[in-house]
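Q: only geometry, no sequence info:
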């Protein structure tokens, strides 16, 4: 059985893959083409339900919801990628340092991670976003900070078990330098848990961005974001329910996709962990 | 047990100290002059300066910090700039909304997830189990505030069974207040139930294969007794841990749903206080929330002994 087959034999992976690809395709397409200009105001066609002209309806300014949902996908993917880059980049370094140096360094770095975990996450993200002024960049920073301990702990735990293996001793005896041990022997071996966790954190980031943008602390208007669209929709719940339905489906769709992708990757890459997550 | 409690209390105090320093420093560099925000853009420089010295804003960092902590420790408390009443009063009045909301949400979550998780575990890999797991995946992917909006559209706008938001206050009537909390609590609870159902299922699956469960079955204990008497109690430790974390999150993090339903809770208070630069309120609430989370965790830790007497806190 080749590799691709092994992955697609897993139901979670297959469904997750299809859902995620749709989101990515919508995002990529929107960079070249959307049915309408996503920011174009058209007072004559405001607050419409789904129709042939506007498959997902329009918002209170007559902007086309389908175009905005597509552009929103770009926004969510960027948020996911950057928050993971922040969390993974810093977290892996911290985790490796803790595992490699051990003792006092380990103790201090891990207690630092505990401290970040100790803060109420939503509240802190709101604080950070308002201190640095609301913007999408600051929202990404606020989310990314909470990813650092997640990746740091995961890296530390897996790196510790790799560092204790015999092939590391063999490599040392063979004269491989310390940096070589980390880059050539430890990193490649801890990659798959990091990828699995990354896919799940990607989904969490989409949810978190939606929440912050809903509160007005993430993406700023008129840029399209799924959370911001839900905020717009709140005022018109009784007149134009469609405005609230489609952006919400988009969020659930994308999050479901990346969650299932992560579960599928875990089932295939790491059969030992097959028992339910959470 | 008492030694365990003492170490936990010391950790609590240490953590609160660190949180207080962090929160204070963060708010210290927060852009936006509280005096300017209170007096508006037309204030003269003199009145601004007067208010700043009245609020102690022109004092150095350490003096302001010590002033804040001193007020807390002496029991005198701090006053809200915006409402001009003690922050403790504000917190208590808002907790009357957020507390019941969080508890009600957890009730929903537990009532749905425990039976559903046990059912899924008993029917492992059969179609009904797959269906339950599918629904929990959808639950994990749905933002709770969006579910809240959908509930408003269905139950309030379309069917007219509930009001679309707001809170009448406990003085106005117990049942009408509960009714105002039902929809948001259900939205919060459903999402948390997804996590708990998956956890109940996986930890029941682990326990159901243990020897003592087989022994109980062999002894002729009927299935209900095996599941609820023997297995569930042993499966509870991880479940209760996550429940504790969720309850803590709900006390601290119902901010978004309180905004959706216009509930005058703790989350909405702190959210507005950040916008209004009502710093005493923000500081005290952040500290209160951090303490609440830690205390809930300690209580959860202590409850392990009840579910699994093999655990000893020494």
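A: Right, received. Where do you want to start? As the structure is a computational prediction, the values presented were derived from the model and not from experiment.

Q: Contact residues of the stretch 1-150 of chain A facing chain B?
A: A:115, A:118-123, A:126-128, A:130-131, A:133 (CB under 8 Å from any CB of the partner chain). (Each C-beta comes from the backbone N, C-alpha and C, glycine too.)

Q: which SS class is residue 221?
A: Here I'm looking at chain A. coil (DSSP: H, G, I helix; E, B strand; the rest coil).

Q: switch to chain B, that's the one I care about
A: coil.

Q: My read is that it contacts residue B:227, right?
A: No - counting by CB atoms under 8 Å, residue B:221 sits too far from residue B:227 to count as a contact (9.7 Å).

Q: more neighbours, these two?
A: Remark: of residue B:221 and residue B:227, residue B:227 carries more neighbours, 21 against 15, as counted by other CB atoms under 10 Å in any protein chain shown.

Q: in which helix or strand would I find the nearest residue to that one once chain neighbours are set aside?
A: Ranked by CB to CB, 6 or more residues apart in numbering or on different chains and with sequence neighbours excluded, the top spatial neighbour of residue B:227 is residue B:118, at 6.1 Å. Residue B:118 belongs to helix B:87-122 when assigned by DSSP states H and E.

Q: So the helix or strand following that helix, near chain A or not?
A: Downstream of helix B:87-122, the next assigned helix or strand under DSSP H and E is helix B:127-141. Yes - counting by CB under 8 Å from any CB, chain A has neighbours in helix B:127-141: B:137-138, B:140-141.

Q: What subset of those residues is buried?
A: B:137, B:140-141 (16 or more other CB atoms under 10 Å in any protein chain shown).

Q: ok, these vs chain A, which is closest?
A: Nearest to chain A among those is residue B:141, at 3.8 Å by CB to the nearest CB.

Q: so where's the longest helix in chain A?
A: The longest helix of chain A (DSSP state H) is helix A:65-101.

Q: Would you mark the buried spots in that helix?
A: For helix A:65-101, by 16+ other CB under 10 Å, it's A:65-77, A:79-80, A:82-84, A:86-88, A:90-92, A:94-100.

Q: and what of stretch B:171-179?
A: By neighbour count on 16+ other CB under 10 Å, the buried set for stretch B:171-179 is residue B:177.

Q: got the residue ranges for the strands in chain A?
A: With DSSP state E, there are no strands along chain A.

Q: what stretches of the stretch 101-250 of chain A score poorly on pLDDT?
A: Within the stretch 101-250 of chain A, the stretches with pLDDT under 70 are A:118.

Q: isn't residue A:236 right up against residue A:49?
A: No - in this structure, residue A:236 is not within contact of residue A:49 by CB under 8 Å, at 11.7 Å.

Q: who has more neighbours, the two?
A: Shown here are residue A:236 and residue A:49; by other CB under 10 Å, residue A:236 has more neighbours (16 against 13).

Q: Could you pull up the residues touching that one?
A: With contact set as CB atoms under 8 Å, 6 or more residues apart in numbering or on different chains, residue A:236 has these partners: A:47, A:60, A:243-244.

Q: Phi and psi next, for residue B:79.
A: Torsion angles at residue B:79 (phi, psi; degrees, to the nearest 10) stand at phi -110, psi 140.

Q: Can you name the residues bridging to it?
A: Beta bridges link residue B:79 to residue B:86, judged by DSSP bridges.

Q: coming back round to it: okay, the residue nearest to residue B:227: pLDDT?
A: Model confidence at residue B:118, given as pLDDT, is 93.

Q: list the contacts for it?
A: Residues near residue B:118 by CB under 8 Å, 6+ apart: B:200-201, B:204, B:227, B:232.
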